[in-house]
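[1] Fold the following, please.
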Amino acid sequence: MKYQFSQPQRKAALNNGKIRCFYNEEIKRELVKTTNPETEEVTTEEVVNYLYDVVDIAAPAEKGKIVDALIRTRYSQSDVEAIMRHKMAGDEGADEEFNAFNAFAETCKAEAKRILED
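    Residues are numbered from 1 along each chain as shown. Below is the predicted model of the structure:
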């Protein structure tokens, strides 16, 4: 489920002591037509909405916790350990598997940096 806002989001404090982090930003632009009932004049304006996936972490918001939460959206700890075991053993396909994981981890680090920007 994507969360939708009219303004860009990064993070928000929740009442339960957690921080909600917004990631995977998508910008949705649409033209909205309105008609003035008195004059019947039609106007068109562009409406911009920002859509996000979310992860919740324990406060305070720290880069490492955000990166970990984002990585867990795709890879469990067991998955990561298996990838590392395969890489260390030199298993067939392990390099590609590790490179895909590593690229995703780097994306998560960049996203965590964006989330923490003020």
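[2] all strands for this structure, in order.
    In the chain, the strands defined using DSSP state E lie at 3-5, 11-13, 18-35, 42-58.
[3] would TSV of the ones you listed with mean pLDDT be doable?
    What follows is the strands of the chain, written out as TSV (pLDDT from 0 to 100):
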stretch	mean pLDDT
strand 3-5	97
strand 11-13	97
strand 18-35	96
strand 42-58	96
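[4] Could you export those to TSV, including columns for mean neighbour count and distance to Gly64?
    The way it works is simple: take the backbone N, C-alpha and C, and place the C-beta from them, glycine included. Below are these laid out as TSV (neighbours: other Cβ atoms under 10 Å; distance: least, Cβ to Cβ, whole Å):
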stretch	mean neighbour count	distance to Gly64
strand 3-5	12	24
strand 11-13	15	15
strand 18-35	13	13
strand 42-58	13	10
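[5] Glu96 is nearest to which of those strands?
    Taking Cβ to Cβ as the measure, those were each checked against Glu96, and strand 18-35 came out nearest at 23.6 Å.
[6] State the mean pLDDT of stretch 70-81.
    Here stretch 70-81 scores 97 as its mean pLDDT.
[7] Report the buried residues of that stretch.
    For stretch 70-81, burial by neighbour count (16 or more other Cβ atoms under 10 Å) applies to Leu70, Ile71, Tyr75.
[8] And for stretch 85-93?
    His86, Lys87.
[9] Quick one: end-to-end distance for it.
    The first and last residues of stretch 85-93 sit 12 Å apart, counting by Cα to Cα, to the nearest Å.
[10] Just the mean pLDDT for that stretch, thanks.
    Looking at stretch 85-93 alone, the average pLDDT works out to 96.
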